[in-house]
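**Q** sequence and predicted structure below; questions after.
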Amino acid sequence: MGIGANAASAATLDDVKAKGFVQCGVNTGLAGFAAPDAAGNWSGFDVDYCKAIAAAIFGDATKVKYTPTSAKERFPALQSGEVDVLARNTTWTINRDTALGFNFRPVNYYDGQGFMVRKGLDVKSALELSGAAVCVQTGTTTELNLADYFKANNLQYNPVVFEKLEEVNAAYDAGRCDVYTTDQSGLYSLRLTLSNPDDHIILPEIISKEPLGPAVRQGDDQWFDIVTWVHYALVQAEEFGITQANVEEMKKSANPDVQRFLGVEADSKIGTDLGLTNEWAVNVVKAVGNYGEIFDRNIGAGSPLKIERGLNALWTKGGLQYAIPVR
Amino acid sequence: MAIGVTNAPERIRSSGSIINDPQVRGIFYQALTVIILSVLIYWIVDNTVENLRRANIASGYGFLNSRAGFDVGQSLIAFSSDSSYGRALLVGFVNTLLVAVTGIITATVIGFIIGIGRLSHNWIIAKLSLAYVEVFRNIPPLLVIFFWYSGVLSILPQAREALALPFDVYLSNRGVAFPRPIAGEGAGYTLLALLIAIAASFIVARYARQRQMATGQRFPLLWTVLGLVIGLPLVTFLATGAPLSFDVPVAGKFNLTGGSVVGPEFISLFLALSFYTAAFIAEIVRAGIRGVSKGQTEAAHALGIRPALTTRLVIVPQAMRIIIPPLTSQYLNLTKNSSLAVAVGYADLVAVGGTILNQTGQSIEVVSIWLIVYLSLSLATALFMNWYNARMALVER
């Protein structure tokens, strides 16, 4: 802790261990990504990342506390140290990586911005949207892409902006605007919450790249490494075919790569170098499954959202998810 | 020491020691307070700067010149995504000012009507006014905004089935669309005529007052002024060939296009702030009128002054002295409450600032701008009202 330039920065891992839980910034409510149920239990894709980080540190996925944040609140919450990690479908941009003082590395969801409209409007393409009122959440990259896209294509529009996702939903559902724009994954999720989901279609255009991933504060490399490697461990587990169900069994695998990954190799330092136990990857997979399982359970085929893996398939299957070697 | 306090004239001499000198003590405590405050401020600023530096967060107000990149739905001044953050804040400020000024005017009008209504001898008017005050005074303003936004405006028909009102005015859940006048060549003369008429009205009013003071004769001021303000511009308008056309809203693919549109965000905020604040103003007006001694009315009647004139010339001027100070704080409240705009997505200073805060991450800078703008706005309002109060105050001779 007392070494070099980072001496002044708080060692987040020590703080987290001392208080006994990870404080995780999540969305206020986006079905499939982060939403509380009636009993106040959080679940979703981003929530599973919080649980995975807790499992890596404590071997116990329940040691998480959630801070629901709106798009506007999320950055100050992370900057001020109110949350340890922000797992809230946040787009990685150079501005956020530099001027805002955050660090991003793994992309846990490759997304892009899309448009949703009412079927009754008979719109087939985003290029037919000139003159429309567009509902959008304020302070997002979405808002900026929207302005750029309409300007580039010489289309007129009238932005209707709200701070909270729920307010944007309500306004779109009530017909205050013709078009709803956000990340396409979000549109699939939000469509389910509308009063008549079948009356709405999602247009084919994707107008931006939205690489979503967890963010941490700058200046604490150890903590940054832990959050980063939890993601790669999840992807690596999928590559190896290690699942929540067979993880204990896989420890006996003859494959040296698998043995190293699961920390059963003799004289292993696979976890201790991160400041964790060598069992950390086992604990992560045991708690939430591998990347594919998290995807399917929350937003993929096994969920009401039924989002295709697409870009988020493993690199071996034509997607972009590629684990950095764990060795 | 107890003796020293009770025995004021001898206090200084009897204490002897400089430690017990109240003047020295007073200076000491004041200096101590200033020092503690300075240290505290220094500590906060230093701590903030240090933490920002440590977290690698860029700071400073330079970002105000960068390109905003987002669009604003409601804007009175030209704004596009190519404008700067500074201009975006200006748009928000103008929007705040717009809703505050229109809200203050409407709230004052409604407040005076209801306040006088509460004193009416007509039972129904008095009770209705009472009900109004009790209902609106006891509901949080945010709920009143939601009531107008979700309860009234959002259940209006869709834009494509907008209610057509006379004069090409359309009402829908996208707001009120109305024809926008387009000034043709020579329209400036009409405006000039209006300004001349207003200036002339002031001169006539001054003359009428002096004549009445000197001779006691009354002058038909109201009709003269109306004739001037309406007649002169109208004649000019017709003489220059009626240079005015209208851009009428027509149904487009999504919305009504053309014309001017006032969105439901502004309408709901404006109505809510007006109705809410009017309830408090009504009570202030009632208290002010009640505060004028009944003897004043009786004296006026004894002098043979008619009831309407009694109210205008005797009661109201005296009531105003009681009304203005609390009225000022209601105006300030309305201005500050306008920041609730963020709940319905009206692009006021707080909403636009919030967007900028999020895009740039400059929390401290944006929050400081908010504080300074609201503080200046409130102080300016207070200054104006204090000046008006001083003008209305009783000049004792």
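**A** Structure's in. What do you need? Residues are numbered from 1 along each chain as shown, chains lettered A, B, ... in the order given.
**Q** in the stretch 51-200 of chain A, what residue is nearest chain B?
**A** Nearest to chain B, among the residues of the stretch 51-200 of chain A, is residue A:139, at 2.8 Å (Cβ to the nearest Cβ). C-beta: built from backbone N, CA, C; applies to glycine.
**Q** roughly how far apart are the closest residue to that residue other than its chain neighbours and residue A:185?
**A** Nearest residue to residue A:139, sequence neighbours excluded (Cβ to Cβ, 6 or more residues apart in numbering or on different chains): residue B:358, at 2.8 Å. Distance of residue B:358 to residue A:185, given as Cβ to Cβ, to the nearest Å: 20 Å.
**Q** does chain A have contacts with stretch B:263-280?
**A** Yes: residues of stretch B:263-280 contacting chain A under Cβ under 8 Å from any Cβ of the partner chain: B:264, B:265.
**Q** what parts of chain B come near chain A?
**A** Near chain A, when you scan chain B using Cβ under 8 Å from any Cβ, you find B:54-58, B:69-73, B:80-81, B:150, B:154, B:158-159, B:173-174, B:252-255, B:257, B:264-265, B:342-343, B:345, B:347, B:351, B:354-355, B:357-361, B:363.
**Q** where does pLDDT dip in the stretch 151-300 of chain A?
**A** In the prediction, the stretch 151-300 of chain A carries no residues with pLDDT under 70.
**Q** quick one, strands of it?
**A** A:157-162, A:179-183, A:200-202, A:210-212, A:215-217 (DSSP state E, counting those that start in this stretch).
**Q** ok, now which ones touch the closest residue to residue B:93 other than its chain neighbours?
**A** Once flanking residues are discounted, residue B:93 sits nearest to residue B:349: 5.1 Å by Cβ to Cβ, 6+ apart. Going by Cβ atoms under 8 Å, 6 or more residues apart in numbering or on different chains, residue B:349 touches B:89, B:92, B:93, B:95, B:96, B:339, B:370, B:373, B:374.
**Q** what does residue A:37 give?
**A** residue A:43 are the contacts of residue A:37 under Cβ under 8 Å, 6+ apart.
**Q** now swap in residue A:231 and tell me
**A** Contacts of residue A:231 by Cβ under 8 Å, 6+ apart are A:49, A:106, A:108, A:213, A:214, A:291.
**Q** could those residues be laid out in TSV, adding neighbour count and distance to chain B?
**A** What follows is these, written out as TSV (neighbours: other Cβ atoms under 10 Å in any protein chain shown; distance: Cβ to the nearest Cβ, whole Å):
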residue	neighbour count	distance to chain B
A:49	30	22
A:106	21	20
A:108	23	22
A:213	22	17
A:214	29	17
A:291	25	29
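**Q** distance to residue A:301 for those residues - can I get that in JSON lines?
**A** Below are those laid out as JSON lines (distance: Cβ to Cβ, whole Å):
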{"residue": "A:49", "distance to residue A:301": "20"}
{"residue": "A:106", "distance to residue A:301": "23"}
{"residue": "A:108", "distance to residue A:301": "18"}
{"residue": "A:213", "distance to residue A:301": "22"}
{"residue": "A:214", "distance to residue A:301": "24"}
{"residue": "A:291", "distance to residue A:301": "14"}
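**Q** any residues of the stretch 201-327 of chain A in contact with chain B? List them.
**A** Proximity of the stretch 201-327 of chain A to chain B, by Cβ under 8 Å from any Cβ, involves residues A:217, A:218, A:219.
**Q** next, the angle strand A:157-162 makes with the strand or helix carrying the residue nearest to residue A:139.
**A** Here residue B:358, judged by DSSP states H and E, is contained in helix B:349-360. If you take axes from the mean of the first three to the mean of the last three Cα atoms, to 10 degrees, helix B:349-360 sits at 100 degrees to strand A:157-162.
**Q** quick one: contacts of stretch B:98-108?
**A** By Cβ under 8 Å, 6+ apart, stretch B:98-108 touches B:76, B:266, B:269-270, B:273-278, B:281, B:327, B:330-331, B:334-335, B:338, B:341, B:346, B:348, B:377.
**Q** can you select the buried ones from those residues in ChimeraX?
**A** This is how ChimeraX selects the buried members of those, with burial counted by 16 or more other Cβ atoms under 10 Å in any protein chain shown:
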select /B:266,269,270,273,274,275,276,277,278,281,327,330,331,334,335,338,341,346,348,377
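**Q** outline the domain layout of the chain.
**A** Chain wasn't specified; assuming chain A. Chain A is divided into the following domains under automatic domain parsing: A:4-109+A:212-317, A:113-208.
**Q** sorry, I should have been clearer: chain B.
**A** B:21-57, B:85-155+B:261-392.
**Q** so for residue A:165, which of the ones you listed sits nearest?
**A** Residue A:165 lies closest to domain B:85-155+B:261-392 among those, at 12.6 Å (Cβ to Cβ).
**Q** what's the first-to-last distance across the closest one?
**A** With Cα to Cα, to the nearest Å as the measure, domain B:85-155+B:261-392 spans 42 Å from end to end.
**Q** and the gap between residue A:230 and residue A:199?
**A** The value you get for residue A:230 to residue A:199, if Cβ to Cβ is used, is 40 Å.
**Q** of those two, who's got more company?
**A** Neighbours per residue (other Cβ atoms under 10 Å in any protein chain shown) separate residue A:230 from residue A:199, with residue A:230 holding more: 28 against 12.
**Q** number of residues surrounding residue B:313?
**A** By other Cβ under 10 Å, the residues close to residue B:313 number 13.
**Q** same deal with residue B:56?
**A** Going by other Cβ under 10 Å, the residues that sit close to residue B:56 add up to 15.
**Q** quick check: it touching residue A:218?
**A** Yes: Residue B:56 is in contact with residue A:218 according to Cβ atoms under 8 Å; the separation is 4.7 Å.
**Q** confirm residue B:192 sits in a strand?
**A** No: judged by DSSP: H, G, I helix; E, B strand; the rest coil, residue B:192 forms no part of a strand; its state is helix.
**Q** can you get me a residue count around the nearest residue to it once chain neighbours are set aside?
**A** The shortest distance from residue B:192 to any non-neighbouring residue, by Cβ to Cβ, 6+ apart, is to residue B:236 (7.6 Å). Other residues lying near residue B:236 total 19 when counted by other Cβ under 10 Å.
**Q** pull the one helix or strand residue B:236 maps to out as PDB, backbone CA atoms only.
**A** Assigned by DSSP H and E, residue B:236 belongs to helix B:232-239. What follows is helix B:232-239, C-alpha atoms only, in PDB (Å, rounded to 0.1, in the frame of the first residue of the first chain):
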ATOM      1  CA  LEU B 232     -52.400  54.200 -33.200                       C
ATOM      2  CA  PRO B 233     -50.700  50.800 -34.000                       C
ATOM      3  CA  LEU B 234     -53.800  49.600 -35.800                       C
ATOM      4  CA  VAL B 235     -54.000  52.700 -38.000                       C
ATOM      5  CA  THR B 236     -50.300  52.300 -38.800                       C
ATOM      6  CA  PHE B 237     -50.700  48.600 -39.500                       C
ATOM      7  CA  LEU B 238     -53.500  49.200 -42.000                       C
ATOM      8  CA  ALA B 239     -51.700  52.200 -43.500                       C
END
